[in-house]
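Trainee: Sequence and computational prediction follow.
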Amino acid sequence: MNNRPKIDPDQLLAPNQLLAPQWLLLPEGPRRGQAVLVADGRFVEVGPLPLLQSRHPDHQVLYLDGQLLMPGFIDTHHHLSQSFGKGLVFGEPSEIFRRIWVPLEGSLNADLLYLTAKLAALEALRGGFTTVCDAGTRAEEGLDAIAKATGEAGIRCVLARVCNDKRGVQILDSAPILAQAERHLAQWESDPLITPSLAIPIPEIATDTTLAAVYGLCAEAGRVFQTHVNEHLVAVERSLEHCGLRPLEQLHRAGALGPAALLAHATLLTPHELILLRDSGAAVSYNPVASAWKGNAVAEALLMHELGIPLGLGTDGTRGDGFRLLDYAEAAQRFAHGIAVGDSVCGGGSLWLDMATQSGAQVTGLNDVTGRIAPGLAADFLLVDLDVPELIPSWDLSWELVRLVNRDQIQAVVVQGRLRLWQGWPTDWDARALMREVDALARDVVAQAPIHKVNPSPLVR
């Protein structure tokens, strides 16, 4: 019989707390006997429980027996405006953005954009993500709806504005595009949860001049420039035909491959491109589930890591489940690259945990904000129940978090010191009402959008 004291979620609502979990996931790994002081939405002190008790005798300790307190996951590549159509892409060949996402997103008005983004934010929070990096929407409406949705859900968001200046064979005037980009970078300076970013979805839909200018705005502002690079074979070949270069090479030629760049996928890189990438300081979002569901290859994440290329993990909007993403990240490397050379470790559990947390913060430009349990950073964390049969006995918690832990073990999701989810559901808004509203509207939206599915399976009306 389990006699462990039951945690009262109301205890996590206090603005100042001295938390004593059974395990604390620190940058150096999981540790016992540690405590953390949270005040005003930030981690104030981290250290041995007796030390923090002696320093703060006025704080009552909240003992969290059987719990792991760990940083929230960071999704370094998401599409918040695509949640209405996740299941439409199953069994579809590559470049679904042309046949499904562009038509679907183009059918969204501001109200629908708000709903789809809030649904995506809810799914991400339920999966343990406290930060999502949105790669930009193709909807004509502004980004205020996405910002409102993520703010209400309570998730941290790197929010990109799309800035390409090519539309088919037409080249647009870049001046208003760049002016809007500058306004976007300045708009969110005082927002505690929104960090602005700029994006050009794929290099070939922008002139070299605009690629360089948009990258330069991000570099100057200390923000992230996002683009999809070498994701599909057809995209690489089309880039060679239209630009004479592969996508990553085009970025390099334009002067848009540098430390401010975050490249999604990067699954089809030649040795020459790997060296360009290494020397540039650019970062990569490794999206293993996307590779399995709709890609042509698996990024050589372990090789990139050994080369010193910064890496984070991304869902690409496939599913918002942090622990399954960890499992996929390791398994994809093992199947695609490790087995062939007899690598039985493939990075180990600690590498993938790091990539999902503190490395994710680094590549999204949030290293000084979140990603670690450390003094001065935002109190973005999860409480994970370890008192389950799957973890008895426990031998190596880092490996076990990657391979054995599930989303339903996440007891609490806290962002900026505020309890956002308890046992999978929001504490301050009605998620089921949102679900009912989406269910009533999404089918008509999909039915009216000019979506083209290659897979002959019928759409369910």
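Mentor: Nice, thanks for sending it over. Given the structure is predicted, the values throughout are model-derived calculations rather than measurements.
Trainee: phi, psi of residue 16?
Mentor: Dihedral angles of residue 16 (phi, psi; degrees, to the nearest 10) stand at phi -120, psi 120.
Trainee: Renumber starting at 46 from here on
Mentor: Will do, 46 is the new start, and the previous item becomes residue 61.
Trainee: who touches it in this structure?
Mentor: 82, 83, 84, 85, 104 (C-beta atoms under 8 Å, 6 or more residues apart in numbering). For glycine as for every other residue, the C-beta is placed from the backbone atoms N, C-alpha and C.
Trainee: Next up, identify which helix or strand the spatially most central residue of the chain is on.
Mentor: For the chain, the residue nearest the mean C-alpha position is residue 120 (1.2 Å; C-alpha atoms, centre = their mean). Using DSSP states H and E, residue 120 sits in strand 118-123.
Trainee: and that strand, how far out from the chain's middle?
Mentor: 1 Å (C-alpha atoms, centre = their mean, to the nearest Å).
Trainee: low-scoring stretches of this structure, by residue?
Mentor: 46-50, 185, 501-506 (pLDDT under 70).
Trainee: Make sure I have this right: residue 362 is in a strand.
Mentor: No - Residue 362 is assigned coil when assessed by DSSP: H, G, I helix; E, B strand; the rest coil, not a strand.
Trainee: So what does the nearest residue to residue 164 once chain neighbours are set aside look like in phi/psi?
Mentor: The spatial neighbour of residue 164 that comes closest, neighbours along the chain excluded (C-beta to C-beta, 6 or more residues apart in numbering), is residue 128 at 4.6 Å. Torsion angles at residue 128 (phi, psi; degrees, to the nearest 10) stand at phi -70, psi -20.
Trainee: same question, residue 98
Mentor: Torsion angles, degrees, to the nearest 10, at residue 98: phi -60, psi -40.
Trainee: Setting aside sequence-adjacent positions, which residue approaches it most closely?
Mentor: Nearest non-adjacent residue to residue 98, counting by C-beta to C-beta, 6+ apart: residue 106, 6.5 Å away.
Trainee: So that neighbour versus residue 94, what's the distance?
Mentor: 7 Å (C-beta to C-beta, to the nearest Å).
Trainee: Show me the common contact partners of those two, please.
Mentor: 65, 80.
Trainee: More neighbours: those two, which one.
Mentor: In this view residue 106 and residue 94 are compared by other C-beta atoms under 10 Å, and residue 94 has more residues nearby, 19 against 14.
Trainee: residues in contact with that one?
Mentor: For residue 94, the contact set (C-beta under 8 Å, 6+ apart) comprises 65, 78, 79, 80, 106.
Trainee: between the residues you listed, which is closest to residue 412?
Mentor: Nearest to residue 412 among the contacts of residue 94, counting by C-beta to C-beta, is residue 79 at 21.7 Å.
Trainee: Pull the contacting residues for that closest one.
Mentor: Counted by C-beta under 8 Å, 6+ apart, residue 79 has contacts 65, 66, 69, 71, 91, 92, 93, 94.
Trainee: Can you say which of those residues are buried?
Mentor: Buried members of those, scored by 16 or more other C-beta atoms under 10 Å, are 65, 66, 69, 71, 91, 94.
Trainee: Look up the closest residue to the first one, ignoring the ones flanking it.
Mentor: Put plainly, it is residue 65. residue 80 (4.4 Å).
Trainee: and the helix or strand hosting the one you found, how far from the chain's centre?
Mentor: Here residue 80, judged by DSSP H and E, is contained in strand 79-84. Here strand 79-84 is found 25 Å from its chain centre; the criterion is C-alpha atoms, centre = their mean.
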